[in-house]
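Visitor: what follows is a predicted structure for the sequence shown.
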Amino acid sequence: MPSHSLRRLRRLILLPALTLVIANAHAGDSVGMQAALGNYSMTREASGTSWQPESTPMEGIMSMNNDWMTMIHGYVNQVYDHQGGPRGATENFSNSMFMLMAGRSWGQDTLGLRAMLSLDPLMGKDGYPLLLQTGETADGVHPLVDRQHPHDLFMELSASWSHAFDESRSVFFYGGLPGEPALGPPAFMHRASGVDDPEAPITHHWLDSTHVTYGVLTAGYTYQQFRFEASVFHGREPDQFRYNIETGRLDSASARVSWNPNDNWSLQVSQGYIHSPEELQPDVNQHRTTASAIYNLPLGDGNWSTTVAWGRDDNRPGQPLNAYLVESEYAIRATHTIFARLERVQEDELFSTPSPLAGQEYGVAKLSVGYIHDWPLGDHLYLGLGGLVSLYDLPSAVNTVYGNPHSYMAFARLKLE
């Protein structure tokens, strides 16, 4: 598609939505407002049915229309991406996310609706350069390596119903096409510890790659500060056709236990069986285990959020592979934000036949540090300018191919909140 056509399509989609939202919505105090999935504050809810600390600031523009509460938020990043070394590349790309939520309560019952969309497909099927990233395909034949795949146009279309028995007990049911099963911590673009980082983590396929799942049903029970939930879902990851809605059997399952001991902490453990997740490896099934802790601390006119997570993918046939993440962000007056992400993963997909390195497991690590400054353009619209740098720790065998790379990104962002 010619570049002028892409620009025209962006304007046709974005400008009416921004105008409608800014004209009709107003900010609200989300603390204490009823959540969609239980009898607690809505600030506890993150992506899908996952939890975050209740003290986490909620980004969004809320309004009340008769008995309906609505909220919308989103962002568009324009990124100059330089990934260093012989396997790197330099490109411009744009990624984005827009979410609209609506809810209504009748006595002890609450209905929730959520839609999340992305313009990522406009960047092309092969996504953007990202050293050490693996997973999915751009053409149905070759795997993506050292690139991050784009998200689908439809990232979530879901509905939920919850019933509160009393102040401490409630049940919920959630369904999405697509949606997010009860597996892993909140998805990376929803974690307050990393929401301002424009690049995907390389731990994505160990922790939260199921956040866009084409077919998911989840049931859960909340008791005081605990939640117990289980999902059935379609295991295959989205294909390279990013504008369609896919369907398939609910052939996979997961379970998650979450615990918020106080307003500043959220912990979870989860395990799932994912049937044939990769299109290029249809005979490989996966058992995934994750554990994570999220800490959030309001600091006067700022906020500090940190996530520590571990994920383990046990491929059958194959070998178990582990990934570790430490991610932190400090925002001051919604103007200055400093963020950092440290990751270590065990990779066995960086090389393919006929390379003599193919099929072997390598422990690789990455550290990214960045900053963004935001300026208000209106009541709920902000312009941000930022950048990040990335350093790597690679074993000697990998260094022979990757060299000693250094990467950086410079980006501009429009954000609704």
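Guide: Noted; the coordinates are in hand.

Visitor: rest of the way, CA atoms for contacts and neighbours
Guide: OK.

Visitor: which residues touch residue 317?
Guide: Shown in contact with residue 317 (Cα atoms under 8 Å, 6 or more residues apart in numbering): 284, 285.

Visitor: state the distance from it to residue 55.
Guide: 42 Å (Cα to Cα, to the nearest Å).

Visitor: same deal with residue 322?
Guide: Taken as Cα to Cα, the span from residue 322 to residue 55 is 30 Å.

Visitor: doesn't residue 96 make contact with residue 120?
Guide: Yes. Residue 120 is in contact with residue 96 according to Cα atoms under 8 Å; the separation is 6.3 Å.

Visitor: strands of the stretch 201-350 of the chain, start to end?
Guide: 216-223, 226-233, 252-259, 265-274, 285-299, 302-316, 320-332, 336-347 (DSSP state E, counting those that start in this stretch).

Visitor: show me the one of those strands that comes nearest residue 371.
Guide: Residue 371 lies closest to strand 336-347 among those, at 4.6 Å (Cα to Cα).

Visitor: next one: that closest one to chain centre, how far?
Guide: Here the centre of strand 336-347 is set off from its chain's centre by 14 Å, with Cα atoms, centre = their mean, to the nearest Å.

Visitor: quick revisit: could you dump the strands of the stretch 201-350 of the chain into JSON lines with mean neighbour count, mean pLDDT and distance to residue 67 added?
Guide: Conversion of the strands of the stretch 201-350 of the chain to JSON lines gives the following (neighbours: other Cα atoms under 10 Å; pLDDT from 0 to 100; distance: least, Cα to Cα, whole Å):
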{"stretch": "strand 216-223", "mean neighbour count": "22", "mean pLDDT": "98", "distance to residue 67": "25"}
{"stretch": "strand 226-233", "mean neighbour count": "22", "mean pLDDT": "98", "distance to residue 67": "27"}
{"stretch": "strand 252-259", "mean neighbour count": "22", "mean pLDDT": "98", "distance to residue 67": "30"}
{"stretch": "strand 265-274", "mean neighbour count": "23", "mean pLDDT": "98", "distance to residue 67": "30"}
{"stretch": "strand 285-299", "mean neighbour count": "21", "mean pLDDT": "97", "distance to residue 67": "31"}
{"stretch": "strand 302-316", "mean neighbour count": "21", "mean pLDDT": "97", "distance to residue 67": "32"}
{"stretch": "strand 320-332", "mean neighbour count": "21", "mean pLDDT": "97", "distance to residue 67": "34"}
{"stretch": "strand 336-347", "mean neighbour count": "21", "mean pLDDT": "98", "distance to residue 67": "36"}
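
Visitor: closest to residue 176 out of these?
Guide: strand 216-223 (5.4 Å).

Visitor: which other residues reach that closest one?
Guide: By Cα under 8 Å, 6+ apart, strand 216-223 touches 38, 168-182, 227-234, 250.

Visitor: ok and that strand relative to strand 252-259, angle-wise?
Guide: Orientation check (axes from the mean of the first three to the mean of the last three Cα atoms, to 10 degrees): strand 216-223 against strand 252-259 gives 20 degrees.

Visitor: neighbouring strands - and their directions - for strand 216-223?
Guide: strand 169-176 (antiparallel), strand 226-233 (antiparallel) (DSSP bridges).

Visitor: for residue 235, list the residues it contacts.
Guide: 213, 250, 251, 252, 274, 275, 276, 277.

Visitor: out of those residues, which are buried?
Guide: 213, 250, 252, 274, 275, 276, 277 (16 or more other Cα atoms under 10 Å).

Visitor: tell me the one of the contacts of residue 235 nearest residue 287?
Guide: residue 274 (6.2 Å).

Visitor: that closest one touches residue 250, doesn't it?
Guide: No. Taking contacts as Cα under 8 Å, residue 274 lies outside contact range of residue 250: 10.2 Å.

Visitor: verify the stated contact: residue 35 with residue 41.
Guide: Yes. Using Cα under 8 Å, residue 35 makes contact with residue 41 at a distance of 5.5 Å.

Visitor: give me phi/psi at residue 249?
Guide: The phi and psi values for residue 249, taken as degrees, to the nearest 10, are phi -70, psi 150.

Visitor: give me the neighbour count for it.
Guide: 13 (other Cα atoms under 10 Å).

Visitor: pull the contacting residues for residue 397.
Guide: residue 357.

Visitor: likewise for the one 4 residues further on?
Guide: Contact criterion Cα under 8 Å, 6+ apart gives 86, 87 as the residues in contact with residue 401.

Visitor: how about 7 Å then?
Guide: Taking Cα atoms under 7 Å, 6 or more residues apart in numbering as the definition of contact, residue 401 has no neighbours.

Visitor: following whichever strand or helix holds it, which helix or strand shows up next?
Guide: Taking DSSP states H and E as the criterion, residue 401 maps to helix 396-402. Helices and strands here follow DSSP H and E; after helix 396-402, the next one along the chain is strand 406-416.

Visitor: contacts for that following strand?
Guide: 60, 73-84, 380-391.

Visitor: go again with 6 Å.
Guide: 73-84, 380-391 (Cα atoms under 6 Å, 6 or more residues apart in numbering).

Visitor: same check on stretch 207-215?
Guide: Applying Cα under 6 Å, 6+ apart, the external contacts of stretch 207-215 come out as 155, 176-180, 184, 187, 233-234, 246-247, 311.
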